[in-house]
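Colleague: Sequence and predicted structure are below.
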Amino acid sequence: MRKLSLVFLFSLLVVLSGCNGTSSNSSGGEVKENVEPVADPEVAVIEMENTAAYGTITIELYSNIAPKAVQRFKELAKEGVYNGVTFHRVNQSVIQSGDPLSKDSDPTNDGSGRSDKPNVEAEFSDIEYDTGIVGAARGQDFDSANSQFFITLKREPGFDRRYTVFGKVIDGMVNARTIGGAPRDGERPIDDIRIKTVRIEPKKQN
């Protein structure tokens, strides 16, 4: 009877822990659930160096879902860290940028860089990685996101609950797809696709 009581108590604790809006993913990371994303009062506008070809991409930011990731993205944008970085990884699923090392002339180090700030802890949620979702790139360690980010070009269920979602493209998705379709060698564009600047500015009211 004691053993059954302990099992029941454990089951009850699991149920109660799931009622506070969080759960765990398959690898043990905490996942924020049933929280609707709320657009931040500010948006991020990615202006490409070659605006004729790639234009701009506007991203709404979800501070209520991933406050640490949004804060870091804003900090780096305002400090000019993203000025001159490239979209160093592109394929049919994602376009990825945000590596300070992609500013140099050595393509072999692209994707391995980070800012001089500490890594950001994972902020997983149950928001699905559908077209236009902006996520924080990371290494094997869940808490290794730093400066790099990616934009999904199509639904990617394998990313769900495993990469921090911190925004979504609300304008310029056609430009993101153009970047994703650029000629490449493996996953690296043959010609540099460079960001001129990332501006953080008030969201325009409709």
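Modeller: Sure thing, it's come through.
Colleague: Centroid-nearest residue for this structure?
Modeller: Nearest to the centroid of the C-alpha atoms of the chain, with distances taken as C-alpha atoms, centre = their mean, sits residue 135, at 1.5 Å.
Colleague: pretty sure that residue is in a helix, no?
Modeller: No - with DSSP: H, G, I helix; E, B strand; the rest coil as the criterion, residue 135 is located in strand rather than a helix.
Colleague: residue contacts, the nearest residue to it once chain neighbours are set aside?
Modeller: Nearest residue to residue 135 in three dimensions, chain neighbours excluded: residue 163, at 4.4 Å (C-beta to C-beta, 6 or more residues apart in numbering). Placement of C-beta: from N, CA and C, glycine included. The contact partners of residue 163, by C-beta atoms under 8 Å, 6 or more residues apart in numbering, come to 124, 129, 135, 136, 137, 138.
Colleague: Next one: the second one from residue 53, what distance?
Modeller: It stands for residue 129. Distance, residue 129 to residue 53, using C-beta to C-beta, to the nearest Å: 26 Å.
Colleague: who's more crowded, these two?
Modeller: Set residue 129 next to residue 53 and count neighbours by other C-beta atoms under 10 Å: residue 129 wins out with 23 against 13.
Colleague: That one touches residue 156, doesn't it?
Modeller: Yes - counting by C-beta atoms under 8 Å, residue 129 touches residue 156, with 4.4 Å between them.
Colleague: worst-scoring helix or strand of the chain, pLDDT-wise?
Modeller: Across the helices and strands of the chain, mean confidence by mean pLDDT, DSSP states H and E is lowest for helix 2-17: a mean of 35.
Colleague: Let's verify the residue nearest to residue 142 when sequence neighbours are not counted: helix, strand, or coil?
Modeller: Spatially, and ignoring its direct neighbours in sequence, residue 142 is nearest to residue 122 (4.3 Å; C-beta to C-beta, 6+ apart). Per three-state DSSP, the local secondary structure of residue 122 is coil.
Colleague: Quick one, grab the pLDDT at residue 122.
Modeller: The predicted local distance difference test score for residue 122 is 98.
Colleague: ok, now which ones touch it?
Modeller: Contacts of residue 122 by C-beta under 8 Å, 6+ apart are 29, 30, 138, 142, 143, 145, 164.
Colleague: ok, now which ones touch the residue nearest to the centre of the chain?
Modeller: Counting by C-beta under 8 Å, 6+ apart, residue 135 makes contact with 129, 149, 150, 151, 152, 159, 163, 164, 165, 166.
Colleague: Could you dump these into TSV with distance to residue 61, pLDDT and secondary structure added?
Modeller: Listed next are the contacts of residue 135 as TSV, based on distance: C-beta to C-beta, whole Å; pLDDT from 0 to 100; DSSP: H, G, I helix; E, B strand; the rest coil:
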residue	distance to residue 61	pLDDT	secondary structure
129	16	98	coil
149	11	98	strand
150	15	98	strand
151	13	98	strand
152	16	98	strand
159	18	97	helix
163	16	98	coil
164	12	98	coil
165	11	98	strand
166	6	98	strand
